[in-house]
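Student: sharing a model that was predicted from the sequence below.
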Amino acid sequence: MKVKKKKGLEFCVQLDPARKQKLQKKLFDWYVIHQRELPWRKVKDPYSVWISEVMLQQTQVQTVIPYYLRFLKSFPTIGHLAKANLQHLLRVWAGLGYYSRARNLRQAARKIIQDHNGRFPESYEGVLALPGIGRYTAGAISSIAFNQRYPALDGNAARVLTRLFKLRGDPKSAGLHALLWKCAQELIPQSNPGDFNQALMELGATLCSPRRPACLRCPWQAECLARKEGIQELLPEKRTSLVAEKSQWAVAVIFHNQRVLIVRRTEGKLLRDFWEFPGGEFNEVGNLKSALAKKIWRDFGLRVRLRNRLTTIKHAITKRRITLLVYQAELKTSMLKVPHTQTVRWVRLDELKKYPFASASSQVVKALKSMIC
DNA sequence: AATACGGGGCG
DNA sequence: CGCCCAGTATT
């Protein structure tokens, strides 16, 4: 393939058939021997492929494996997923992040029941129309499960291609991004498109890594244009990143009659429907304890006495670095009857596992359990 | 075109 | 602590 640069980030790509075939063969020969054994590679039914691909969005393989196995055990079929209870679903997904993925999975399952008679759609357009499925995932499912010639360009594949063809610029920029998809489409062989797509990503995930690519073991070392000039570690060219902002949070674990207070997030989209301990963000606050007590009075009408700090948790979320201070607390006034609503609950410690907690809060739960034992 | 969305792993 | 990871939806 030749890559000619035109104005700005516009490129024009030409790939001669013989060279293309050579690239394909070398990649396949390497993949047959060196591919990792992954649970979702044992089967090719669209449901399993779908679940694995959605989990793999922005999430590394090693993290996904246990979640994938547990998910299929909990929701073995599209029908089970469509009928899933939301709190159960979020509990199974908790810790993976990007929780809209789980919600979209259930929505898509319901759509498949409604629009496709319960059978996973085979057409690319049908797949792409499902919520939570974009160009990448549609390409992955269509090629792997249905043997169709669609590209699946992820971050790994994009990195490999920028190096192979020595493409300058930010891969996220419109011009280069479009070219990368075009390259990915162009390279797919007539047979085994799914294996080709996976092999390309596998190469990026295992050898063609961001920092120190293992070029000496790479099946494409001879044809890699970046390596030819020794600039493989300088590609892809990434944009300048944002600075993380720091913030301080405090929550109270309020004990009352062997129970603690938990509340459900109902505002905004971030971590909606997950449970947490009462509290909030307190930056530049002089007396943290009194501010926390005041907030709990405002939010829940409860007078609490804050005791010692149980633990301190560091948590990174998107571009924020949160320090979470966890205080033990007790009620100042006695309550004869504790409320048990959709958003506020007093639960025994052994009941906490029935509720979905996202990462920071589940660390609090973990700390509580270790104190009791 | 830019941003929100979570969390884990790595050096 | 900063960067990266089998992206998608929204604005």
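Tutor: Perfect, thanks for sending it.
Student: enumerate the residues of the stretch 151-300 of chain A near DNA strand B.
Tutor: Within the stretch 151-300 of chain A, the positions near DNA strand B by Cβ under 7 Å from any atom of the strand are A:173-174, A:211, A:268-271. Glycine gets a C-beta too; all of them are placed from N, C-alpha and C.
Student: hmm, try it at 10 Å
Tutor: A:170, A:172-178, A:209-212, A:239, A:242, A:265, A:268-272, A:274 (Cβ under 10 Å from any atom of the strand).
Student: ok, and which of these reach DNA strand C?
Tutor: Contacts with DNA strand C within these, counted by Cβ under 10 Å from any atom of the strand: A:172, A:209-211, A:239, A:242, A:269.
Student: what ranges does chain A have for its helices?
Tutor: Ranges of helices in chain A, per DSSP state H, are A:17-34, A:46-55, A:61-74, A:78-82, A:86-93, A:100-115, A:124-128, A:135-144, A:155-164, A:174-187, A:193-206, A:225-229, A:288-300, A:359-372.
Student: can you give me phi and psi for the closest residue to DNA strand C within the stretch 101-250 of chain A?
Tutor: Nearest residue of the stretch 101-250 of chain A to DNA strand C: residue A:134, at 2.7 Å (Cβ to the nearest atom of the strand). In terms of degrees, to the nearest 10, the main-chain angles of residue A:134 are phi -110, psi -160.
Student: okay, it: pLDDT?
Tutor: Residue A:134 is assigned 95 on the pLDDT scale.
Student: isn't it up against residue A:128?
Tutor: Yes. Between residue A:134 and residue A:128 there is a contact under Cβ atoms under 8 Å: 7.5 Å.
Student: neighbour count winner among these two?
Tutor: Neighbour count, other Cβ atoms under 10 Å: between residue A:134 and residue A:128, residue A:128 has more, with 17 against 10.
Student: what sits against that one?
Tutor: Going by Cβ atoms under 8 Å, 6 or more residues apart in numbering, residue A:128 touches A:134-135, A:138.
Student: in JSON lines: these, plus distance to residue A:321.
Tutor: Compiled in JSON lines, those are given as follows (distance: Cβ to Cβ, whole Å):
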{"residue": "A:134", "distance to residue A:321": "29"}
{"residue": "A:135", "distance to residue A:321": "32"}
{"residue": "A:138", "distance to residue A:321": "35"}
